[in-house]
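Student: Kindly return the folded structure for what I paste below:
(chains A and B)
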Number of protein chains: 2
Amino acid sequence: MKLKEIGEFGFIDRIAPLGRIRAEGVVKGIGDDCAVVSIDGPDYLLVTTDLLVERVHFLMDWAPAEVIGRKALAVNLSDIAACGGFPLDAFISLAIPEGLDVEWLDALYQGMHRLADSFQVNLLGGDTTGSKSDLVINVAVTGRVSRNEVLFRHTAREGDVIAVTGLLGESAAGLDILLRKLQLPADVAEPLLTAHLEPRPHLPEGRFLASSGACTAAIDVSDGLSSDLGHVCQDSGLAAVVYEDRIPVSPALAGFADLTGKDPIEVTLSGGEDYVLLVALKRDMAEDLQRRAVDQGMQLQLIGEFIAGRGMELVRRNGTRKPFGPRGWDHFRA
Amino acid sequence: MKLKEIGEFGFIDRIAPLGRIRAEGVVKGIGDDCAVVSIDGPDYLLVTTDLLVERVHFLMDWAPAEVIGRKALAVNLSDIAACGGFPLDAFISLAIPEGLDVEWLDALYQGMHRLADSFQVNLLGGDTTGSKSDLVINVAVTGRVSRNEVLFRHTAREGDVIAVTGLLGESAAGLDILLRKLQLPADVAEPLLTAHLEPRPHLPEGRFLASSGACTAAIDVSDGLSSDLGHVCQDSGLAAVVYEDRIPVSPALAGFADLTGKDPIEVTLSGGEDYVLLVALKRDMAEDLQRRAVDQGMQLQLIGEFIAGRGMELVRRNGTRKPFGPRGWDHFRA
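Tutor: A predicted model of the protein is given here:
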């Protein structure tokens, strides 16, 4: 049997039962943004790891080495953010093709260093080895979060409000520009390329939400809104309703949609690598929390709600309802 | 500048200063078998990570998937052993070439699972993605060790005895058999292939030594005795003397040397991937510790001593002294 027949999540479901050997101390193993482990003291230990492979996740000519390095770390910090945590240390493993210049690698580290410095994360340990073909970057990050504040994806409740901490779809549009080498006006292309290449890990948002007492569940939007909302629904045993007119569409994404003939809402639903947080909020606290978030310079868009049942529905501007499924990125399916 | 001009350790020296951003809590960052981090409670947190790349570290036709999976985990557990620690959780990232059978991946996980089960290590989290060419396996492992018992490589003292917890050179001979497709008698080939493909992480030895009060420094022999002893010497500011007649040479390695015309002592010095522990022992406790180790079914060969100065010398059977340098594996040099 080939992997594409069962997909990435089918494969994870297949191997997950093998992994749990010693239940003691493991709060969450496979199937959330981070593994959550019990250690001495008031905090949980968070661990997340991401493997980036040349020609699968990036091309070397898309961006300078600094940008590639920065993003490799950013996507892991986003996982810590989704658990409401503080990042601690990053462990970088590199498999380096022969002939790659040391100066390129220096720049890769500079990019990681700059972001690490912003969040006071150490770049420790790791492993450095050769590769016969593609550059490979694995980043593992540890973090901590108070036992009372940790955020999971399986804990949303019926009636909770669905919110996102930033724009959706811009990164997917930026990727499309890179893949199809589209020539678009700078005011359209630049924000979208930045969204794809230089995502900001929403660590302040994660801490704000985790400490608010109003947030019941969280995930970072890496596979696309529809896919990641689908994870929260499935793991929480709920359905979701999303309102088209509340989904934030940036001017750049609107321009991209106009120029390429795409439906911007489709792009926001099926895109990926947004690295904003998708969260469940207690209904009676959501609007107040939104005001406080905006006062602190953060975004918190209330885009829908969790309801009893299964599946996801989009309420169009004209009031019609349209079911949608997870259409986000799966690394092994066509 | 190309990486092979500065080598793996030159590259690590180059990037290490970039990594230390927040000194608080970091006991050891880059440059030991594990990163050692201060957390709440009486223990340090250990983190180690190893990246294995097809065609660099293994060939798919060398061994069944179970054996490859087992070894990927074993080499990380060996790093925990070298710090005297207990392993906790492993985080597996895979980049999987299209067309690889799910059954092969199941077997890979089975191999990891069996070893993980032996040491009660969970296989958690991680990441699964595609690869355009080679299979890539990254394993990150956390562990813990009492603050009073952690073992480093920079803490050997003048006069300490050098000891190893098992045989040297067998793994390098096994690799040579695989690379050159040598046809050797089974009683020679089998132990050597097993040593290379199925190394046993010396976790019991690591705990025994760490809790003995007699061990002042430790490293696992992954790059070869000469190279890893060189690390301890350099980091501890010492020289070393090793006695040829005390280096354990197994019958299989002796047979291999006979049949291939190699010097078995050269193989033990310059080999690699032995995954035994190389340790420094307090002189007045070394022999007693050796007796206790043997009583518990472990090996502890006293092969030399640390002295003041720089460099390493081998005392030959005839009493002559021969300096030697690190000749272990460096992933980027010729």
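Student: Tell me who's in contact with residue A:199.
Tutor: A:71, A:74, A:75, A:78, A:171, A:273, A:274, A:275 (C-beta atoms under 8 Å, 6 or more residues apart in numbering or on different chains). C-beta coordinates here come from the backbone N, C-alpha and C atoms, glycine included.
Student: can we see that at 10 Å?
Tutor: Counting by C-beta atoms under 10 Å, 6 or more residues apart in numbering or on different chains, residue A:199 makes contact with A:70-71, A:74-75, A:77-78, A:166, A:170-171, A:174, A:220, A:222, A:273-276.
Student: which residues in the stretch 1-150 of chain A form helices?
Tutor: A:3-19, A:65-82, A:102-118 (DSSP state H, counting those that start in this stretch).
Student: most packed of these?
Tutor: The highest mean neighbour count among the helices of the stretch 1-150 of chain A, using mean count of other C-beta atoms under 10 Å in any protein chain shown, belongs to helix A:65-82: a mean of 26.
Student: Any buried residues in the helix or strand where residue A:229 lies, and which?
Tutor: Remark: residue A:229 resides in helix A:225-236, with elements defined by DSSP states H and E. By neighbour count with 16 or more other C-beta atoms under 10 Å in any protein chain shown, helix A:225-236 contains the buried residues A:225, A:226, A:227, A:228, A:229, A:230, A:231, A:232, A:233, A:235, A:236.
Student: does any part of it sit near chain B?
Tutor: No - using C-beta under 10 Å from any C-beta of the partner chain, helix A:225-236 never reaches chain B; the gap is at least 14.7 Å.
Student: quick one: average confidence on that helix?
Tutor: Confidence for helix A:225-236, expressed as mean pLDDT, is 96.
Student: Would you mind listing what in the stretch 101-250 of chain A touches chain B?
Tutor: Proximity of the stretch 101-250 of chain A to chain B, by C-beta under 10 Å from any C-beta, involves residues A:101-106, A:108-110, A:112-114, A:116-134, A:136-142, A:144.
Student: make it 7 Å
Tutor: Residues of the stretch 101-250 of chain A lying near chain B by C-beta under 7 Å from any C-beta of the partner chain: A:101-103, A:109, A:113, A:116-117, A:120-134, A:136, A:138, A:140, A:142.
Student: Just the residues you listed: which are in strands?
Tutor: If you go by DSSP state E, these have A:122-131, A:136, A:138, A:140, A:142 in strands.
Student: Between which two of those residues is the distance greatest?
Tutor: Maximum pairwise distance among those (C-beta to C-beta): 26.6 Å, between A:130 and A:142.
Student: ok, back up a step: need the buried ones from the residues of the stretch 101-250 of chain A next to chain B selected in ChimeraX.
Tutor: If you want just the buried ones from these in ChimeraX, going by 16+ other C-beta under 10 Å, the selection is:
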select /A:102,109,113,116,121,122,123,124,125,126,127,128,129,130,131,133,134,136,138,140,142
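Student: Which pLDDT value does the model give residue A:189?
Tutor: Note on residue A:189: pLDDT of 98.
Student: can you tell me which residues contact it?
Tutor: Each residue near residue A:189 by C-beta atoms under 7 Å, 6 or more residues apart in numbering or on different chains is listed here: residue A:177.
Student: Next: residue A:23.
Tutor: Contact partners of residue A:23, counting by C-beta under 7 Å, 6+ apart, are absent.
Student: ok, how many other residues are close to residue A:322?
Tutor: 11 (other C-beta atoms under 10 Å in any protein chain shown).
Student: Just give the nearest non-adjacent residue to it, would you?
Tutor: residue A:314 (4.8 Å; C-beta to C-beta, 6 or more residues apart in numbering or on different chains).
Student: With residue A:94 instead?
Tutor: residue A:128 (5.2 Å).
Student: thought the one you found was touching residue B:7?
Tutor: No - using C-beta atoms under 7 Å, residue A:128 makes no contact with residue B:7, being 10.2 Å away.
Student: quick revisit: and which of the buried residues of helix A:225-236 is nearest to residue A:82?
Tutor: Distances from residue A:82 to these, taken by C-beta to C-beta, are shortest for residue A:228, at 9.4 Å.
Student: And that closest one, how far from residue A:151?
Tutor: For residue A:228, the distance to residue A:151 (C-beta to C-beta, to the nearest Å) stands at 14 Å.
Student: In which helix or strand does the nearest residue to residue A:287 once chain neighbours are set aside reside?
Tutor: The spatially closest residue to residue A:287, leaving aside those adjacent along the chain, is residue A:302, at 7.4 Å (C-beta to C-beta, 6+ apart). Residue A:302 belongs to strand A:301-307 when elements are defined using DSSP H and E.
Student: Would you mind listing the buried residues in the next helix or strand after that strand?
Tutor: Per DSSP H and E, strand A:301-307 leads on to strand A:312-315 as the next helix or strand towards the C-terminus. Neighbour-count burial for strand A:312-315, counted by 16+ other C-beta under 10 Å, picks out A:312, A:313, A:314, A:315.
Student: Can you tell me which helices and strands strand A:312-315 packs against?
Tutor: helix A:225-236, strand A:239-243, strand A:321-324 (3 or more C-beta pairs under 7 Å, 6 or more residues apart in numbering or on different chains; DSSP states H and E).
Student: Report the angle between the longest one and strand A:239-243.
Tutor: On the basis of axes from the mean of the first three to the mean of the last three C-alpha atoms, to 10 degrees, helix A:225-236 is oriented at 150 degrees to strand A:239-243.
Student: Touching helix A:225-236 from outside, list them.
Tutor: For helix A:225-236, contacts defined as C-beta under 7 Å, 6+ apart pick out A:153-156, A:168, A:217, A:219, A:221-222, A:239-240, A:268-270, A:278, A:280, A:312, A:324-328.
Student: now swap in stretch A:296-308 and tell me
Tutor: Applying C-beta under 7 Å, 6+ apart, the set of residues contacting stretch A:296-308 is A:156-166, A:204-205, A:208, A:238-243, A:246-248, A:280, A:286, A:289-290, A:293.
Student: Show me what counts as buried in it.
Tutor: A:298, A:299, A:300, A:301, A:302, A:303, A:304, A:305, A:306.
Student: now swap in stretch A:168-188 and tell me
Tutor: A:168-178, A:184, A:188.
Student: is it possible to export these to CSV including secondary structure and distance to residue B:57?
Tutor: CSV is the format used below for those (DSSP: H, G, I helix; E, B strand; the rest coil; distance: C-beta to C-beta, whole Å):
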residue, secondary structure, distance to residue B:57
A:168, coil, 40
A:169, coil, 40
A:170, helix, 39
A:171, helix, 33
A:172, helix, 35
A:173, helix, 39
A:174, helix, 35
A:175, helix, 31
A:176, helix, 36
A:177, helix, 37
A:178, helix, 32
A:184, coil, 43
A:188, helix, 45
